[in-house]
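>>> need the 3D shape of this:
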Amino acid sequence: MDMQLLVQKKDKLDAEKAIKFIEKCKNAKLAIVHSSVKDEVVSLDYLDHLVKNLKTPFVGTRVSGTVTPKEGYCEDAVAIAVLCGDFDAKVFHEKINFEDPLETPEKIIPKLEGWNLCLMYSANYIKKDVFVDAILRRVQAKYPKLQIFGGVSAPLPLIATNEGVYEDSIAFVSFRGLEYDFTLGSGFRFDKTRRDGFVITKSDEYYIYEINGKNAAEEYSKIQHLRPYFLNMVLSLFTKANAAKIAKSLFKASSILMEGGVRVGVTVLGSEIDEKTVEMLAVLELNEDDKYLLAPSYKSKGTILKRTETSKEEQLNLYERIYKKFQNDNALLIISCIATQYWIDFDFKALEEKLEKFKCPFLLSYVFGEFGATLPYKGMEQNVVHGGTVKALIFR
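The predicted structure follows:
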């Protein structure tokens, strides 16, 4: 398998040139289109031109930024990865029924039979991530050896295929005949200086109702030493499309305000994905009336929460680990949570230096929720959507 890359920055966007580039790639089987273009009209016009004129199968979504070998970190750009080689790829999409999320996997599951790798992008706002998790956990449970990889669209959410542009659907690319590997990592760890821990004592697939046997919203507020209305105000800032720029502005205005906002709004508590990986609990909303917490993915009863910490170095070292494990492979797709931008101090030069070691083509994209679990899948208690992680799909 070979991967060809093209990046067009906003002042040089040209969908027709992109089509010519894609269709000149020998044995092109799929084009992956990641747009961080801020102008909604420009972005939609670009994708619409691909829908109407591109013959090669493609899948696209909105991201907050991308990193590629030649262009480095880019915002307000379109990054395209063209996968070429002797393999099969099938693209389709399915509308998400948020009123009845369990209806959606029933439609998806029959279409994935016989495939071993699936690239997915979901068009939903971040506060709906937990519903996508419910859908994907059922798909993964049906096919425990199917490797899922991808992420949630940055706002305003959209996905695109040759059939059109959609605001409420999941796009799928099923693969056969590819050799690949998958890795999942987190730059977070438990704070060993703190001995306090918290247990989720009541939850369902979508909400956390009790922590340590008490109202979850009240308990979380006590842990943070802040009232729910203030927490919700901070959380609303960090779930916006321009969250990274908001954080950067806060940091320039006041490092104390920035660190306080990030600490309260994004991390603090975490749980184990496995023995080596800590996932931050990214609380998105506290509801005092119905007494619940909303997080991006399912947290089952009995989940132990502990305070977490991280650093710029720990976040950057995730890429060092990927390099050491997969330095001689053909190509890389990397999905990173947008929240990690807050902990590398927006020093993308340092990130680019880390990534310079990779000799193969790669596309790193920042999203609002990352898809994928280590296989074989161990059952419905294991999340497929995560927050604060970095996931890599490596092509042999």
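
>>> which secondary structure state is assigned to Phe21?
Recorded secondary structure, Phe21: helix (DSSP: H, G, I helix; E, B strand; the rest coil).

>>> quick one: pLDDT of it?
Turning to Phe21, the model gives it a pLDDT of 98.

>>> quick one, what contacts the closest residue to it other than its chain neighbours?
Taking Cβ to Cβ, 6 or more residues apart in numbering, and ignoring the residues beside it in sequence, Phe21 has Leu6 as its nearest neighbour in space, at 5.0 Å. In short, each C-beta sits where N, CA and C put it, glycine included. The neighbourhood of Leu6, defined by Cβ atoms under 8 Å, 6 or more residues apart in numbering, consists of 18, 21-22, 79-80, 82.

>>> how about Asp290?
Residues near Asp290 by Cβ under 8 Å, 6+ apart: Tyr207.

>>> tell me how far it lies from Ile108.
Going from Asp290 to Ile108 by Cβ to Cβ, to the nearest Å gives 29 Å.

>>> just Ala350 next, same as before
In this view, Ala350 and Ile108 are 39 Å apart by Cβ to Cβ.

>>> and these two? Which one has more around it.
Per other Cβ atoms under 10 Å, whichever of Ala350 and Ile108 has more neighbours is Ile108, with 20 against 15.

>>> okay, and the beta partners of the residue nearest to Phe21?
Beta-bridge partners for Leu6, by DSSP bridges, are Ile80.

>>> quick one: the helices in the stretch 1-150 of the chain?
15-24, 40-53, 103-108, 129-142 (DSSP state H, counting those that start in this stretch).

>>> turn the ones you listed into JSON lines, including distance to Ile32.
JSON lines is the format used below for the helices of the stretch 1-150 of the chain (distance: least, Cβ to Cβ, whole Å):
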{"stretch": "helix 15-24", "distance to Ile32": "10"}
{"stretch": "helix 40-53", "distance to Ile32": "12"}
{"stretch": "helix 103-108", "distance to Ile32": "20"}
{"stretch": "helix 129-142", "distance to Ile32": "19"}
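
>>> out of those helices, deepest packed?
Ranked by mean neighbour count, the helices of the stretch 1-150 of the chain are led by helix 129-142 with a mean of 22 (mean count of other Cβ atoms under 10 Å).

>>> which helices and strands sit right next to that helix?
helix 103-108, strand 147-152, strand 385-386 (3 or more Cβ pairs under 8 Å, 6 or more residues apart in numbering; DSSP states H and E).

>>> ok, residues contacting that helix?
96, 98, 101-102, 104-105, 108-109, 112, 120, 122, 124, 146, 148, 152, 170, 205-207, 284, 294-298, 368-369, 371, 373, 377, 379-380, 382-385, 387.

>>> which among these count as buried?
96, 101, 104-105, 108, 112, 120, 122, 124, 146, 148, 152, 170, 205-207, 284, 294-298, 368-369, 371, 373, 377, 382-385, 387 (16 or more other Cβ atoms under 10 Å).

>>> could you check the pLDDT of Ala154?
Looking at Ala154, the pLDDT reads 93.

>>> element containing it, please.
According to DSSP states H and E, Ala154 maps onto no helix or strand at all.

>>> tally of neighbours for it?
26.

>>> backbone phi and psi for it, please?
phi -70, psi 150 (degrees, to the nearest 10).

>>> pretty sure it contacts Glu75?
No - using Cβ atoms under 8 Å, Ala154 makes no contact with Glu75, being 10.6 Å away.

>>> for Gln147, what are its contacts?
116-118, 180, 182, 372, 375, 393.

>>> tabulate those residues in a markdown table, adding columns for distance to Met233, pLDDT and neighbour count.
Listed next are the contacts of Gln147 as a markdown table, based on distance: Cβ to Cβ, whole Å; pLDDT from 0 to 100; neighbours: other Cβ atoms under 10 Å:
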| residue | distance to Met233 | pLDDT | neighbour count |
| --- | --- | --- | --- |
| Asn116 | 45 | 95 | 16 |
| Leu117 | 41 | 98 | 21 |
| Cys118 | 38 | 98 | 24 |
| Tyr180 | 43 | 95 | 18 |
| Phe182 | 37 | 96 | 16 |
| Gly372 | 32 | 97 | 27 |
| Leu375 | 40 | 94 | 15 |
| Leu393 | 37 | 96 | 21 |
